[in-house]
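Undergrad: quick one, structure for this:
(one chain, ligands or ions: 1)
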Amino acid sequence: MATPTIRQIRAYTVRGGGGDYHDQSGAHWIDDHVSTPMAKYPNYRASRRSFGINVLGSLVVEVEASDGTVGFAVTTGGEPAAWIVENHLARFIEGAKVTDIELMWDQMYNATLYYGRKGLVINTISGVDLALWDLLGKVRQEPVFHLLGGAVRDELQFYATGARPDLAKEMGFIGGKMALHHGPAEGEEGLRKNLEILTDMRAKVGPDFWLMQDCWMSLDVNYATKFATRAWHEAGLKWIEEALSPDDYWGYSELRRNLPRGMLCTTGEHEATRWGFRLLLDMNCCDIIQPDVGWCGGVTELIKISALADAHGVLVVPHGSSVYSYHFVITRHNSPFAEFLMMHPVPDQVVPMFTPLLLEEPVPTKGRLKLPETPGFGVRLNPECKLHRPYTH
Ligand SMILES: [Mg+2]
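TA: Here you go, the predicted structure:
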């Protein structure tokens, strides 16, 4: 049987949740006075939407093969990403064999190197890459995790990210991670409030449940060291996540040396490609890397990042990204558990992470999930979400 080629690639945008999970409206824990690098400006402190965290919106990439099979993926990037796909990347995809993902990735990366490397361009390449894996799975009638070498365990187990680790514990998750609310600009009072929230939560969840703190790039080495040391002693904090700017590899290296023995330093959600992660690993910046498969270069790149981490004795626990990370995590020995982002506004129940954009998106029950063996990533686009194709080629 001849291998199908790719007939067309199309890029769409869509508003309201989905690929860009920050794109929420109304009251939502994800936007509730979260400590950010912009929180030093009082005008931008109360909400992440105030400084434009949701401006990009979702990107949906569709790739259609010569046999009529369609693969797709969603990530963050919106209209500028759609422009890059249609005007630049399409030439490396259309006409290529559906099997030649490594070749397409290398051409997309090298052709955009003069303006790409990280951020939006790599988000966009990630979206195309994930759509290509979905397409290959559908052409072969295999789930993506089969194509990646097969499952190394029967099911995934999850910790939950949200405002209520106590509820996450009742729902069967192995741990709970909260967003930090007060940054260095809020001084000693903010630090005291941060610690109070943690010690209150520790009292609710008991001594053994994992509690973690996500700092979303908002601290400096001194504040992070002081906070982590007290949080370790007063609330048994398991890890401090993304405490510093992703550009401050030297700061991470110092912070990790400063942490109490036994406490973990984690980061990498806003890092990209094997070269970015090489710096984090070579400079001993962290114990766990947290690449987002929709932002770091896609599955094709995550395979390489993960191998590099494994050789450094570092775990890979991808950031959110739903089915796109589940199909990867289930195939890796050095990814023993996964993150589940609680996208319910409170959050007191489990809802699909990319809701409402995907149909058949699996969610954990009692903190665990057996991946269905449906072809590709096993999800469909919700026809009720209105897609917009801003550019064509
Ligand atoms: Mg995070």
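
Undergrad: drop to CA atoms for contacts and neighbour counts, all remaining ones
TA: Noted.

Undergrad: show the pLDDT at Ser25.
TA: Listed pLDDT for Ser25 reads 67.

Undergrad: ugh, wrong one, I meant Met108
TA: At Met108, pLDDT is 98.

Undergrad: in the host helix or strand of it, what's buried?
TA: In the assignment (DSSP states H and E), Met108 maps to helix 101-111. Within helix 101-111, the residues that qualify as buried are 101, 104-105, 107-109, counting by 16 or more other Cα atoms under 10 Å.

Undergrad: Met263 reaches Ala231, doesn't it?
TA: No. At 10.0 Å, Met263 does not count as touching Ala231 under the criterion of Cα atoms under 8 Å.

Undergrad: settle it for me: which of those two has more neighbours?
TA: The neighbour comparison of Met263 against Ala231 (other Cα atoms under 10 Å) goes to Ala231, with 22 against 17.

Undergrad: who's in contact with the spatially closest residue to the more buried one that is not a sequence neighbour?
TA: Using Cα to Cα, 6 or more residues apart in numbering and skipping residues adjacent in sequence, the residue nearest Ala231 is Leu237, 5.6 Å away. Leu237 makes contacts with 210-213, 228, 231, 263, as judged by Cα atoms under 8 Å, 6 or more residues apart in numbering.

Undergrad: who's in contact with His28?
TA: Applying Cα under 8 Å, 6+ apart, the residues near His28 are 344-346.

Undergrad: where along this protein do the helices fall?
TA: 78-84, 90-93, 101-111, 120-140, 144-147, 165-170, 187-205, 221-235, 249-258, 273-282, 298-311, 322-329 (DSSP state H).

Undergrad: so which elements touch the third one?
TA: When contacts are defined as 3 or more Cα pairs under 8 Å, 6 or more residues apart in numbering; DSSP states H and E, helix 101-111 sits against helix 90-93, helix 120-140, helix 298-311.

Undergrad: residues of the shortest one that come out buried?
TA: Spelled out, it's helix 90-93. Going by neighbour count (16+ other Cα under 10 Å), the buried part of helix 90-93 is 90-93.

Undergrad: one more: the longest one?
TA: Along helix 120-140, these residues count as buried under the neighbour rule (16+ other Cα under 10 Å): 120-139.

Undergrad: then the last one?
TA: By neighbour count with 16+ other Cα under 10 Å, helix 298-311 contains the buried residues 298-303, 305-310.

Undergrad: now do the contacts for the residue lying closest to Ser306 once chain neighbours are set aside.
TA: Nearest residue to Ser306, sequence neighbours excluded (Cα to Cα, 6+ apart): Val316, at 6.3 Å. For Val316, the contacting residues are 288-291, 306, 309, 334-335, by Cα under 8 Å, 6+ apart.

Undergrad: quick check on these: which are buried?
TA: Buried among the contacts of Val316 by 16+ other Cα under 10 Å: 288-291, 306, 309, 334-335.

Undergrad: I'd like those residues as TSV, with pLDDT and distance to Arg380 appended.
TA: Below are the buried ones among the contacts of Val316 laid out as TSV (pLDDT from 0 to 100; distance: Cα to Cα, whole Å):
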residue	pLDDT	distance to Arg380
Ile288	98	31
Ile289	98	29
Gln290	98	26
Pro291	98	24
Ser306	98	27
Ala309	98	32
Asn334	98	29
Ser335	98	26
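
Undergrad: these: which two are farthest apart?
TA: Greatest spacing in these, by Cα to Cα: Pro291 and Asn334 (13.3 Å).

Undergrad: let me know the pLDDT of Met353.
TA: On pLDDT, Met353 comes in at 89.

Undergrad: number of residues surrounding the closest residue in space to it that isn't next to it in sequence?
TA: Ranked by Cα to Cα, 6+ apart and with sequence neighbours excluded, the top spatial neighbour of Met353 is Met343, at 5.7 Å. Residues contacting Met343 under the criterion other Cα under 10 Å number 24.

Undergrad: was I right about Met343 contacting Val351?
TA: Yes. The criterion here is Cα under 8 Å, and Met343 meets it with Val351 at 6.3 Å.

Undergrad: which intervals of the stretch 1-150 of the chain have sub-threshold pLDDT?
TA: Counting by pLDDT under 70, the stretch 1-150 of the chain has low-confidence residues at 17-18, 25-26.

Undergrad: repeat that with 80
TA: Scanning the stretch 1-150 of the chain for pLDDT under 80 picks out 1, 16-32.

Undergrad: which ones are touching the spatially closest residue to Arg48 that is not a sequence neighbour?
TA: Closest residue to Arg48 apart from its sequence neighbours, by Cα to Cα, 6+ apart: Asp31 at 5.6 Å. With contact set as Cα under 8 Å, 6+ apart, Asp31 has these partners: 22, 47-49.

Undergrad: try it again with 10 Å
TA: 22-25, 46-50, 53, 179, 345 (Cα atoms under 10 Å, 6 or more residues apart in numbering).

Undergrad: what do you get for Pro260?
TA: Residues near Pro260 by Cα under 10 Å, 6+ apart: 225, 228-230, 232-233.

Undergrad: just among those, which is most surrounded?
TA: Highest count within these by other Cα under 10 Å belongs to Ala228, 28 neighbours.

Undergrad: what's across from the residue lying closest to Glu373 once chain neighbours are set aside in the sheet?
TA: Excluding its sequence neighbours, the residue lying closest to Glu373 (Cα to Cα, 6+ apart) is Pro143, at 5.5 Å. Beta-bridge pairing for Pro143 (DSSP bridges): Gly376.
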